[in-house]
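>>> Here you go, sequence then predicted model.
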Amino acid sequence: MNKHLLSAADLTREDALSILDTAAELARVTDRAVKKLPTLRGRTVVNLFFEDSTRTRISFEAAAKRLSADVITFSAKGSSVSKGESLKDTALTLEAMGADAVIVRHGASGAPHRLAHSGWIEGVVINAGDGTHEHPTQALLDAFTLRQHLGELEGRRVVVVGDVLHSRVARSNVLLLHTLGAEVTLVAPPTLMPVGVDSWPCEVSYDLDEALPGADAVMMLRVQAERMNAAYFPTSNEYSRRYGLDVRRAGLLADDGIVLHPGPMNRGMEITAEVADGPRSVIVEQVTNGVHVRMAVLYLLLGVADAPEEAAE
Amino acid sequence: MTAADIHGEGTGAPAGARVLDADDISRIVGRISHEILERAHGAHDLVLLGIQTRGVPLARRIATRMGEIEGVPVPVGALDITMYRDDLSLRGARPLHATDIPAEGVDGRLVVLVDDVLFSGRTVRAALDALSDIGRPRAVQLAVLVDRGHRELPLRADYVGKNIPTSLEQSVRVRVQELDGVDEVVVSG
């Protein structure tokens, strides 16, 4: 496994399965009275969030704390970043504090990569979402959730719908699901499909009703109004009519087909409340699974031997 | 120990020697089963927990034997201590195994931990920590197939299959039918 987790493409099939299997064992710990494990005692994990996030930040924080790491949360608001401190100076400060892992969310695509490869910090860098680029732990928790319901993902068909252009979740999911052997179809209006999508390892469609029948899962993406500086579709009504998931469309899925959404949802826009709260929805499970998957990532990335491993166990 | 292969110090068994075969191991399982039952005055509040990985089949065998002796099933489970190890920065992350606690739980019961080899004692230390996060047993005892010495912690086993003096350079490999297709203990190196 690579030292850092910057992109879902960093993960081989073996790495990904190792994370998912570890997460599955860790999930069982949450069934018991004492949920904490002593594994990362004495390690420091920094949550470095330059962009607003509720669930990802809380999820990483819970994961680190359940492994007994010390967690420092650093959000841009109320920090020296708002006084104009650069990524480099922030990184140097964290390094001086002895961070073993830095979990970074940044509005600029590539910021985690810069942090990992600049030599500013020694610790492990985990990408918690960078611009419109990647969000690998989201893809891992989605894969974990899919696996829980569908078993192995080899040959399974997953439809990813919506604002692909602004979605780091879509890119990471396409890469990871492809690694795991699933077939992915992206569905979006042409204006919300990124340039170069034809080189991604997936199918592309502009018609949701054509892509859904028989699919094992559908993943709805949030329409990211805050990133939209132009008119990508005429009205939200028209968007919902063509690309929104309602009960009729959810019924086109395979019998055991499931509905995912990375959250936060725009109810009534990309997904109706009826589907979001319906029997096929696994959206709440995704949040729970996020903690297990992030525990697994922290354990596997921080558990790198300082000394060469002895020949015999 | 979770590992089948451990280094030791001193002198003792000749290298490459099979020190226990399938019949020896079967007799040891029988004797330890009787010893545990004798000291516990029966199986009424016993729970056996095998330490992953090779402690688990041994615990199951002891539980089965006890069931035959007492005529009542004895709860048996598995304990994975990977997340409780103290050598993460030395050895790195290892794959996890399942922890299965019997439905009866461990609270107020006599828990017997079962492992294949007792060496530094660090695995047992980790197992005790893991156990205390699961519940509060009335008492905890330790049964091992092989005690090879070289303790680094103040721990001892309550039931020992065989004491095998070893040197630190030697390795003790326990193989069990369920995982390795053969029952034997070999000292090498």
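Looks like it came in fine.
>>> pLDDT at residue 24, what is it?
If you meant another chain, say so; for now it's chain A. Listed pLDDT for residue A:24 reads 95.
>>> that's the other chain; I wanted chain B
97.
>>> mind checking how far it is from residue B:119?
Applying CB to CB, to the nearest Å, the value for residue B:24 to residue B:119 is 20 Å. For every residue, glycine as well, the C-beta is placed using N, CA and C.
>>> One more: residue A:127?
Taking CB to CB, one finds residue A:127 at 40 Å from residue B:119.
>>> Neighbour count for residue B:24 and residue B:119, which is higher?
residue B:119 (24 against 17; other CB atoms under 10 Å in any protein chain shown).
>>> ok, the more buried one touching residue B:148?
Yes: using CB atoms under 8 Å, residue B:119 makes contact with residue B:148 at a distance of 5.5 Å.
>>> just the strands in the stretch 201-313 of chain A please.
A:203-205, A:217-220, A:258-260 (DSSP state E, counting those that start in this stretch).
>>> which other helices and strands contact the last one?
What it means is strand A:258-260. In terms of contacts (3 or more CB pairs under 8 Å, 6 or more residues apart in numbering or on different chains; DSSP states H and E), strand A:258-260 is packed against helix A:136-150, strand A:217-220, helix A:283-302.
>>> What's the mean pLDDT across the following helix or strand past the first one?
What it means is helix A:136-150. For helix A:136-150, the following helix or strand on the C-terminal side (DSSP states H and E) is strand A:157-161. Mean pLDDT, strand A:157-161: 98.
>>> who does strand A:157-161 pair up with?
strand A:183-187 (parallel), strand A:217-220 (parallel) (DSSP bridges).
>>> So which of those is nearest residue B:127?
strand A:217-220 (39.7 Å; CB to CB).
>>> Give me the residues contacting the closest one.
A:142, A:146, A:149-150, A:156-162, A:169, A:173, A:212, A:245, A:250, A:253, A:257-262, A:265, A:270-271 (CB atoms under 8 Å, 6 or more residues apart in numbering or on different chains).
>>> May I have it as CSV, with CA atoms only?
Output of strand A:217-220 as CSV, limited to C-alpha atoms (Å, rounded to 0.1, in the frame of the first residue of the first chain):
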residue,chain,number,x,y,z
ALA,A,217,-27.1,0.0,-7.3
VAL,A,218,-27.7,3.6,-8.1
MET,A,219,-25.6,6.4,-6.5
MET,A,220,-27.1,9.8,-6.6
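>>> so residue B:80 touches residue B:96, yeah?
Yes: under the criterion of CB under 8 Å, residue B:80 is in contact with residue B:96, at a separation of 5.9 Å.
>>> Quickly list what's touching both of the two.
residue A:25.
>>> and the closest residue to chain B within the stretch 101-250 of chain A, what does it touch?
Nearest to chain B, among the residues of the stretch 101-250 of chain A, is residue A:124, at 11.8 Å (CB to the nearest CB). Contact analysis of residue A:124 by CB under 8 Å, 6+ apart lists A:3-5, A:100-102, A:301-302, A:304.
>>> Residue A:222: how many residues sit nearby?
19.
>>> Where is the longest helix in chain B?
What stands out as the longest helix in chain B, according to DSSP state H, is helix B:22-40.
>>> Contacts made by that one with the rest, please.
Contacts for helix B:22-40 (CB under 8 Å, 6+ apart): B:20, B:43, B:46, B:58, B:61-62, B:65-66, B:69-70, B:110, B:112, B:141, B:143, B:145, B:158-159, B:161-162, B:177, B:182-185.
>>> How many residues are close by the closest residue to chain B within the stretch 51-200 of chain A?
Nearest to chain B in the stretch 51-200 of chain A, going by CB to the nearest CB, is residue A:67, at a distance of 7.9 Å. Residue A:67 has 24 neighbouring residues, counting by other CB under 10 Å.
>>> Walking through chain B, point out its helices one by one.
B:22-40, B:55-70, B:88-91, B:122-134, B:177-180.
>>> ditto for chain A
A:13-29, A:55-66, A:87-96, A:111-117, A:136-150, A:168-179, A:208-211, A:236-243, A:247-250, A:273-276, A:283-302.
>>> Give me the pLDDT value at the residue of chain A found nearest chain B.
Among all residues of chain A, residue A:303 sits closest to chain B, at 2.8 Å; criterion: CB to the nearest CB. What the model reports as pLDDT for residue A:303 is 87.
>>> What of residue A:118?
Taking residue A:118 on its own, its pLDDT is 89.
>>> Residue B:72 too?
95.
>>> if I pick it, what's in contact with it?
Here residue B:72 is in contact with residue B:43 (CB under 8 Å, 6+ apart).
>>> List the residues that contact the most centrally placed residue in chain B.
Central residue of chain B (CA atoms, centre = their mean): residue B:115, 0.9 Å from the mean position. Residues in contact with residue B:115 (CB under 8 Å, 6+ apart) are B:1, B:50-51, B:54-55, B:58, B:123-124, B:127, B:142-145.
>>> can you check residue A:1 too?
Applying CB under 8 Å, 6+ apart, the residues near residue A:1 are A:11, A:15, A:18, A:300-301.
>>> Which pLDDT value goes with it?
87.
>>> Please tell me how far the residue nearest the centre of chain A sits from residue A:69.
Centroid-nearest residue in chain A: residue A:138, 1.3 Å away (criterion: CA atoms, centre = their mean). Per CB to CB, residue A:138 is found 21 Å from residue A:69.
>>> just to revisit the earlier point, TSV for the contacts of residue B:115, including pLDDT, distance to chain A and neighbour count?
TSV is the format used below for the contacts of residue B:115 (pLDDT from 0 to 100; distance: CB to the nearest CB, whole Å; neighbours: other CB atoms under 10 Å in any protein chain shown):
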residue	pLDDT	distance to chain A	neighbour count
B:1	47	9	26
B:50	98	16	26
B:51	98	14	27
B:54	97	12	25
B:55	97	15	29
B:58	98	18	26
B:123	96	11	26
B:124	97	16	24
B:127	98	13	25
B:142	98	20	22
B:143	98	22	26
B:144	98	17	28
B:145	98	17	28
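>>> tell me which of those residues is nearest to residue B:170?
residue B:1 (14.1 Å).
>>> So which bits of the stretch 151-300 of chain A are right by chain B?
A:299-300 (CB under 8 Å from any CB of the partner chain).
>>> for the stretch 151-300 of chain A, which spans come out with low pLDDT?
A:229-230 (pLDDT under 70).
>>> how does it look with 80?
A:225-231 (pLDDT under 80).
>>> before we move on, the earlier item: tell me which of the helices of chain B sits nearest to residue A:108.
Comparing the helices of chain B by CB to CB, helix B:88-91 comes nearest, at 32.7 Å.
>>> pLDDT of that closest one, averaged?
Here the average pLDDT along helix B:88-91 is 85.
>>> So for that helix, what gets flagged as buried?
For helix B:88-91, burial by neighbour count (16 or more other CB atoms under 10 Å in any protein chain shown) applies to B:88, B:91.
>>> and what of stretch A:52-59?
Buried, per 16+ other CB under 10 Å, within stretch A:52-59: A:53, A:56-57, A:59.
>>> List of residues touching it?
Residues contacting stretch A:52-59 (CB under 8 Å, 6+ apart): A:47, A:49, A:73, A:75, A:105, A:128-129, A:135, A:137-138, A:263-264, A:287, A:290-291, A:294.
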